[in-house]
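1. Here is a sequence with its predicted model. Questions after.
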Amino acid sequence: LRSLSRALSVSFRTSRASKSWWSFESALSFSRAQTRVVHHHPSSASASASLLDRRQHVRSNFTSSAVDECSDKILLNDLQFHAYHGVLPSEKELGQKFLVNVEMTATSLRDASRTDDVSHTVDYAKAFRLIRTLVVSGPQRDLIETVGEDICEGLLREFRLVEKVKVRVEKPCVAIDGDVRSLGIELNRRRR
């Protein structure tokens, strides 16, 4: 995370007639933020070149990483189901609570936002029903890894707009000797 940082700079002339200018340079990172004010004078050509280099570096980093990685997401958080998956006989007979979180990545939801038409996006009510069917009524599974894989495959099969899916399946009440909030898995799959 420390390597994920970005530098920004803003320059302005103190007056139209002035040949010198001031710049505010900010370096933002996850661990700290720094800002400094720098006075540039025409005689310091190296300072000018340095500032230009820094601006071009920031601009090229922004366009290459932010634009290329631009994608839209549909989120379904904290879905709770009672189902009968597990290795132990008691899990298969009595069942238990499962928590499911889903993040579906689409290349763009721009058409949906412009038209305000649900047919141009992933209908999350339909996605919820599909997930509920797979977890509650689908085949009984020993492993939550298999339950997660069923959800990934079902969502990618059902929704053509979805390019990638991240599925987290958790068991909040696990029969182990220890103090645990939940145990679970997270799967990441993409369209082939």
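-> Yes, it's here.
2. only C-alpha atoms for contact and neighbour calcs from this point on.
-> Will do.
3. Spatially nearest residue to Glu161, not counting backbone neighbours?
-> Quick fix: residue 161 reads Leu, not Glu. If the residues on either side of it in the chain are set aside, Leu161 comes closest to Ala106, at 5.7 Å by C-alpha to C-alpha, 6 or more residues apart in numbering.
4. ok, now Val122?
-> In space, Val122 is closest to Phe159, 6.7 Å off (C-alpha to C-alpha, 6+ apart).
5. all strands of this protein, in order?
-> 5-13, 21-29, 33-40, 72-83, 96-106, 162-171, 183-190 (DSSP state E).
6. The last one pairs with which strands?
-> Strand 183-190 sits in its sheet next to strand 162-171 (antiparallel), going by DSSP bridges.
7. Number of residues surrounding the residue nearest to Leu161?
-> Number of residues near Ala106 (other C-alpha atoms under 10 Å) recorded here: 20.
8. So it sits against Lys166, correct?
-> No: the criterion here is C-alpha atoms under 8 Å, and Ala106 misses it with Lys166 at 11.9 Å.
9. Check what pLDDT the residue nearest to Leu161 gets.
-> If you check Ala106, the pLDDT there is 93.
10. what sits against it?
-> 71-74, 161-164 (C-alpha atoms under 8 Å, 6 or more residues apart in numbering).
11. which one of the residues you listed is nearest Arg181?
-> Ranked by distance to Arg181 (C-alpha to C-alpha), these are led by Ile74 at 25.9 Å.
12. so who does the closest one touch?
-> Counting by C-alpha under 8 Å, 6+ apart, Ile74 has contacts 103-106, 122, 124.
13. Could you do Gln140 as well?
-> Per C-alpha under 8 Å, 6+ apart, neighbours of Gln140: 84-85, 92.
14. tell me which of those is nearest to Val180?
-> Ranked by distance to Val180 (C-alpha to C-alpha), the contacts of Gln140 are led by His85 at 18.9 Å.
15. buried ones in stretch 142-149?
-> 142, 144-145, 147-149 (16 or more other C-alpha atoms under 10 Å).
16. For this structure, give me the ranges with low pLDDT.
-> 1-70 (pLDDT under 70).
17. hang on, the earlier thing: now, the buried residues of stretch 142-149 that are in helices?
-> When these are checked against helices (DSSP state H), the matches are 144-145, 147-149.
18. would TSV of those residues with distance to Asp177 be doable?
-> Output for these, formatted as TSV (distance: C-alpha to C-alpha, whole Å):
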residue	distance to Asp177
Ile144	19
Glu145	22
Val147	24
Gly148	25
Glu149	28
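19. closest to Arg189 among those?
-> Nearest to Arg189 among these, counting by C-alpha to C-alpha, is Glu149 at 8.6 Å.
20. Now for the nearest residue to that closest one once chain neighbours are set aside: which residues touch it?
-> Spatially, and ignoring its direct neighbours in sequence, Glu149 is nearest to Leu187 (7.3 Å; C-alpha to C-alpha, 6+ apart). Applying C-alpha under 8 Å, 6+ apart to Leu187 gives the contacts 145, 148-149, 152, 166-168.
21. Good, wrapping up.
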